[in-house]
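Peer 1: mind looking at a prediction? Sequence and model below.
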Amino acid sequence: MFLSSIQQFTVFVSQRVRRACTFLGKRLVGSSRLNGWFYPPSKIETPAEKYRKLNVHYFSDLHEQERMLADEQRMAFYHNAINRHIKPGDRVIDLGTGTGILAAFASRQGAAQVYAVDHSSIIEHARELAAENGIENVDFEDVHSTNFHLDEPVDVILHEQIGDFLFDEAMVPNVCDLRDRLLKPGGLILPSQFELFCEPMTLHDDRRTPYIWELTDVHGFNFSSMERSRPQHPEYYRLVSCDLGVVKHFLGEPTPMVEVDLHTITETSLPLSVKFTRKVTTSGLLDGLVVFMKAKVDDDLVLSSSPLDPSRAPHWGFRILRLDQSYAEIGDELEVTLTVTDWSDPETWRWICEMHTS
Ligand SMILES: C[S@@+](CC[C@H](N)C(=O)[O-])C[C@H]1O[C@@H](n2cnc3c(N)ncnc32)[C@H](O)[C@@H]1O
């Protein structure tokens with residue numbers, strides 16, 4: 001095909017320009033001095049930032065909201081707490097409003113103004129639900145609580161930031177931040193008193209899953225050599241359940257391992273190692289430690305996730321920290337040591353339980 005000299009010239013120039021640009025580009029990208037500009041270091045997320053993303057995603061799911069709303073013990077606890085302690089005229093922050101249900105209870109109780117804060121997309125539904133239910137004096141704020149600001153402090157901080165492990169929904173940092181910035185002196189945090197338990201216990205025989213290396217005769221097949229592959233990661237030793245039929249009994253008298261009052265706690269006041277003993281009062285196999293929580297508003301208004309409490313709030317799981325089995329007799333002493341790097345991250349929990357026979 002015939003190319004005009006203008007065409008030939010254009011092709012020649014564009015090829016040269018392209019080659020020059022490629023060469024220059026390679027030199028620039030390859031330059032160690034410009035490396036940081038072309039390849040900026042990716043930001044390393046802190047565990048708190050990672051959890052925040054997970055939380056946003058988790059609570060945008062309607063099923064999670066359903067589970068909480070269907071938990072009659074939880075709803076009755078909060079309804080009573082609000083009816084008893086929120087006074088007409090109070091200004092209230094509802095930290096993590098979800099579907100807006102607690103903000104609506106506060107509004108119906110006569111709160112002058114409720115600020116309903118949530119960082120997840122569920123807040124869009126909360127806004128509509130409030131309008132459809134005739135709730136008028138609630139401001140819905142689509143932000144993370146640490147980015148929520150007000151000119152005047154409030155009378156009450158209302159929240160439900162309670163995880164299965166009590167601290168694993170960032171309750172302490174979130175509430176402390178709002179308390180220190182936006183709660184009037186003498187203002188109320190609802191609920192504020194919490195107990196975390198970690199009790200040595202026996203499982204029901206038919207609910208016990210042995211370690212795989214303990215299975216020495218599955219219809220003549222022996223798994224004992226699997227002990228060589230015993231997992232080192234703690235996740236394997238942590239189970240979760242909501243089922244009242246799993247734990248048979250505590251071996252000793254349950255006593256809180258940690259007690260918290262959100263009016264006074266600071267983020268650093270929790271000890272990172274807790275050691276306690278239990279005198280065995282009911283003999284049985286020591287299968288593990290069971291972790292559960294209690295929240296208290298008044299002596300007669302308590303929320304519990306205890307695996308042995310028939311009126312437990314059912315949507316909270318209790319956790320089982322597995323131990324190598326041993327038999328505990330009445331009078332034996334069990335010495336439990338729990339160390340954590342970060343209470344809000346169960347991945348960092350490590351536990352041992354030593355038995356001292358009587
Ligand atoms: C356990 S749900 C409780 C929802 C509602 N208060 C209730 O009782 O049904 C916690 C809610 O808090 C929100 N949340 C958690 N941390 C938050 C924060 N720091 N700022 C704003 N919203 C938060 C979540 O998106 C979620 O909707």
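Peer 2: Looks like it arrived, so ask away.

Peer 1: could I get the buried residue list for whichever helix or strand Tyr78 is part of?
Peer 2: Per DSSP states H and E, Tyr78 falls inside helix 72-85. Using 16 or more other Cβ atoms under 10 Å as the test for burial, helix 72-85 gives 73-75, 77-78, 81-82, 85. Every residue, glycine included, has its C-beta placed from N, CA and C.

Peer 1: do stretch 168-180 as well
Peer 2: Buried residues in stretch 168-180, defined by neighbour count with 16+ other Cβ under 10 Å: 168-172, 174-179.

Peer 1: again with stretch 278-293
Peer 2: For stretch 278-293, by 16+ other Cβ under 10 Å, it's 278, 280, 284-293.

Peer 1: closest to the ligand out of the residues you listed?
Peer 2: Relative to the ligand, the closest of the buried residues of stretch 278-293 is Met293; by Cβ to the nearest ligand atom it sits at 13.2 Å.

Peer 1: show me the contacts for that closest one.
Peer 2: Contact analysis of Met293 by Cβ atoms under 8 Å, 6 or more residues apart in numbering lists 162, 164-166, 194-197, 304-305, 316.

Peer 1: which residue is the nearest non-sequential neighbour of it?
Peer 2: Using Cβ to Cβ, 6 or more residues apart in numbering and skipping the chain neighbours, the partner closest in space to Met293 is Leu166 (4.2 Å).

Peer 1: dihedrals phi and psi, that neighbour?
Peer 2: In terms of degrees, to the nearest 10, the main-chain angles of Leu166 are phi 70, psi -50.

Peer 1: repeat that for the one 5 residues further on.
Peer 2: Its backbone dihedrals place Met171 at phi -60, psi -50, with angles given as degrees, to the nearest 10.

Peer 1: pretty sure it contacts Phe165?
Peer 2: No: in this structure, Met171 is not within contact of Phe165 by Cβ atoms under 8 Å, at 10.4 Å.

Peer 1: same for whatever helix or strand Ile352 lives in, what does it pack against?
Peer 2: Using DSSP H and E, Ile352 maps to strand 350-356. Using 3 or more Cβ pairs under 8 Å, 6 or more residues apart in numbering; DSSP states H and E, the elements in contact with strand 350-356 are strand 284-298, strand 318-328, strand 333-339.

Peer 1: just put those in JSON lines and tack on distance to the ligand and mean pLDDT.
Peer 2: Shown next, in JSON lines, are the helices and strands packed on strand 350-356 (distance: least, Cβ to the nearest ligand atom, whole Å; pLDDT from 0 to 100):
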{"stretch": "strand 284-298", "distance to the ligand": "12", "mean pLDDT": "98"}
{"stretch": "strand 318-328", "distance to the ligand": "17", "mean pLDDT": "96"}
{"stretch": "strand 333-339", "distance to the ligand": "24", "mean pLDDT": "98"}
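
Peer 1: which one of those strands lies closest to Leu102?
Peer 2: Leu102 lies closest to strand 284-298 among these, at 13.0 Å (Cβ to Cβ).

Peer 1: quick one: mean pLDDT for the helix or strand that that closest one is followed by?
Peer 2: Under the assignment DSSP H and E, the closest C-terminal helix or strand after strand 284-298 is strand 301-304. Mean pLDDT, strand 301-304: 98.

Peer 1: before we move on, what about stretch 231-243?
Peer 2: For stretch 231-243, mean pLDDT rounds to 91.

Peer 1: and the residue of the stretch 1-150 of the chain closest to the ligand?
Peer 2: Gly96 (2.1 Å).

Peer 1: ok, the stretch 201-350 of the chain next?
Peer 2: Minimum separation of the stretch 201-350 of the chain from the ligand (Cβ to the nearest ligand atom) falls at His315, amounting to 9.6 Å.

Peer 1: that's a strand at that residue, yeah?
Peer 2: No: using DSSP: H, G, I helix; E, B strand; the rest coil, the assignment for His315 is coil, not a strand.

Peer 1: pretty sure it sits against Met68.
Peer 2: Yes: applying Cβ under 8 Å, one finds His315 in contact with Met68, separated by 6.0 Å.

Peer 1: what touches both of those two?
Peer 2: The contact sets of His315 and Met68 overlap at Arg74 (Cβ under 8 Å, 6+ apart).

Peer 1: which stretches of this protein have low pLDDT?
Peer 2: Flagging of the chain using pLDDT under 70 yields the residue ranges 1-3, 29, 32-33, 36-42.

Peer 1: spell out which parts of it neighbour the ligand.
Peer 2: Applying Cβ under 6 Å from any ligand atom, we find that the chain lies next to the ligand at 55, 59, 68, 96-99, 101-102, 117-120, 122, 144-145, 160-161, 174.

Peer 1: among those residues, which are in strands?
Peer 2: Secondary structure assignment by DSSP state E places Val117 of the residues of the chain next to the ligand in strands.

Peer 1: what's the biggest helix in the protein, counting residues?
Peer 2: Ranked by number of residues, the top helix in the chain under DSSP state H is helix 5-30.

Peer 1: quick one on the thing from earlier: can you give me every residue that contacts the nearest residue in space to the residue of the stretch 201-350 of the chain closest to the ligand that is not next to it in sequence?
Peer 2: Using Cβ to Cβ, 6+ apart and skipping the chain neighbours, the partner closest in space to His315 is Asp71 (4.1 Å). Asp71 is in contact with 313-316, counting by Cβ under 8 Å, 6+ apart.
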